[in-house]
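Undergrad: for reference, the sequence and a predicted model appear below.
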Amino acid sequence: MKKKIEIFCTIGPGSLNTKFLNFANSNINLLRLNMSHLDLKQLKKNIFYLKKHSKVPICIDTEGAQIRTKCNKTKFFKKNHKIKIFRNKNYYFYPDDVFDKLKVNDKLDIGFSGLCVKIEKKNNNFFICKVQNPGFFEPNKGVHLINREIKLNYLTNKDIEAIKIGQKLNIKYYALSFTNSHIDVIKFNKLLKSEKKIFKVETKEAIKNLKKIIKFGNNLLIDRGDLSKDIKIENVPIIQRKIIHEAKKNRKNVYVATNFLESMILNSYPTRAEVNDIYNTIEMGAKGLVLAAETAIGKNPVECVKILKKIIKVFKKNNA
């Protein structure tokens, strides 16, 4: 089978080293820098390091239109406890204008530990939340507003500065997180006329506007992590199939991310369920597979890529 299956890897503490990057030169197609976990100084420093030690193209993945947590210390909150969330200190949300958009009775699903809160009181400087479901308040975690939709800018100010840095340093790939409509796609295409763009599908709004997004965007990426929070995890398999089918029908590329080899963040070998998931995703017609935490913070980044390549090899052998 001639079809090439690409591998994208997220760069972080687990992979920002010469051993991994030397391996990447002949085994990986794209190195992803996630702006949700980098400041602008780190971005520039990482780009210089990657360019020095690798020939693999770099992709700047924007923060996009998502509420995220900020805090100095991770803390576990029990059910019925109260959390004081400030405008811009201690425990708070990002981007800055989110504070004014939230209101009493809003329900917030925070991160992936199960934490869910309801806003009970609000003033100009903070609001009081009651914990509906216990969990951890951790830094840089996504926050999903359960009861309604609010409008956020499709790029943060940090994203805009990151893109300027990328253009100065000749970065050719950019991903738009939380693409919600074809308007977002058109704006991003105008902003980055000659660069290669990837549009991430990870919200209910994106699913609703899928056909128009596909019409204007050539490369889609299904981020199953945040998508699972927005459409409920049991709906992810059918939605993944729907997106891949629609993209193939329109001759557009689609990549898939999140949880392919989650167990290998700590372990040296995958589960059978993970191997089956990877094979099925390729069989559906995905153009490529994306590793996130597995290579960013995992203990076995090289082994993760090797497992992907083995499964791709088996797939090609049996579909020649």
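TA: Structure received.

Undergrad: pick out the residue closest to the middle of this structure.
TA: Nearest residue to the geometric centre of the chain (Cα atoms, centre = their mean): residue 223, 5.6 Å.

Undergrad: bridging residues for it?
TA: Note on residue 223: beta-bridge partners by DSSP bridges are residue 257.

Undergrad: confirm for me that it is in contact with residue 199.
TA: No. Contact status for residue 223 versus residue 199: not in contact, 10.6 Å apart, counting by Cβ atoms under 8 Å. (Glycine included, C-beta is placed from N, CA and C.)

Undergrad: which residues does the helix ranked longest in the chain contact?
TA: Longest helix in the chain, counting residues (DSSP state H): helix 301-318. With contacts defined as Cβ atoms under 8 Å, 6 or more residues apart in numbering, helix 301-318 is touched by 1, 3, 5, 7, 9, 14-15, 19-20, 23-24, 27-28, 260-261, 264, 268, 270, 275, 278-279, 282-283, 289, 291, 294-295, 298.

Undergrad: of those, which belong to helices?
TA: Per DSSP H, those map to helices at 19-20, 23-24, 275, 278-279, 282-283, 294-295.

Undergrad: show me what the helix or strand containing residue 120 is packed against.
TA: Per DSSP states H and E: residue 120 is located in strand 115-122. When contacts are defined as 3 or more Cβ pairs under 8 Å, 6 or more residues apart in numbering; DSSP states H and E, strand 115-122 packs onto strand 107-110, strand 126-133, strand 135-137.

Undergrad: mind redoing it with 10 Å?
TA: strand 75-77, strand 82-86, strand 107-110, strand 126-133, strand 135-137, strand 142-145 (3 or more Cβ pairs under 10 Å, 6 or more residues apart in numbering; DSSP states H and E).

Undergrad: now tabulate the ones in helices among the contacts of helix 301-318 in TSV and tack on neighbour count and distance to residue 112.
TA: Output for these, formatted as TSV (neighbours: other Cβ atoms under 10 Å; distance: Cβ to Cβ, whole Å):
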residue	neighbour count	distance to residue 112
19	11	29
20	21	25
23	16	29
24	25	27
275	18	22
278	23	21
279	15	25
282	22	25
283	12	27
294	30	15
295	30	18
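
Undergrad: check contacts around residue 159.
TA: 35-36, 60-65, 95, 153, 174, 176-177, 191 (Cβ atoms under 10 Å, 6 or more residues apart in numbering).

Undergrad: over to residue 250?
TA: Contacts of residue 250 by Cβ under 10 Å, 6+ apart are 211, 214-215, 218, 220.

Undergrad: buried subset of those residues?
TA: Among the contacts of residue 250, those buried by neighbour count (16 or more other Cβ atoms under 10 Å) are 214, 218, 220.

Undergrad: ok, now which ones touch residue 33?
TA: Contacts of residue 33 by Cβ under 10 Å, 6+ apart are 10-12, 16, 42-43, 46-47, 50, 58-61, 162, 166, 171, 173, 175, 296.

Undergrad: my bad, should have said residue 48
TA: Counted by Cβ under 10 Å, 6+ apart, residue 48 has contacts residue 169.

Undergrad: can you pick out the most distant pair from the contacts of residue 250?
TA: Comparing all pairs in the contacts of residue 250 by Cβ to Cβ, the longest separation belongs to 211 and 218, at 14.4 Å.

Undergrad: still on that earlier bit, what mean pLDDT does the longest helix of the chain get?
TA: Confidence for helix 301-318, expressed as mean pLDDT, is 97.

Undergrad: just stretch 56-66 next, same as before
TA: So the average pLDDT for stretch 56-66 ends up being 96.

Undergrad: same question for stretch 245-256.
TA: Regarding stretch 245-256, the rounded mean pLDDT is 97.

Undergrad: sorry, back to before: buried by neighbour count, from the contacts of residue 159: which ones?
TA: Taking 16+ other Cβ under 10 Å as the criterion, what is buried in the contacts of residue 159 is 35-36, 60-65, 95, 174, 176-177, 191.

Undergrad: in helices, which of those fall?
TA: Those of the buried ones among the contacts of residue 159 lying in helices (DSSP H): residue 191.

Undergrad: make TSV out of the buried ones among the contacts of residue 159 and add distance to residue 86.
TA: Below are those laid out as TSV (distance: Cβ to Cβ, whole Å):
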residue	distance to residue 86
35	23
36	20
60	30
61	28
62	25
63	20
64	23
65	22
95	15
174	32
176	29
177	25
191	32
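
Undergrad: mind showing which ranges of the stretch 101-250 of the chain have poor pLDDT?
TA: The model of the stretch 101-250 of the chain has no residue with pLDDT under 70.

Undergrad: sounds good, over and out.
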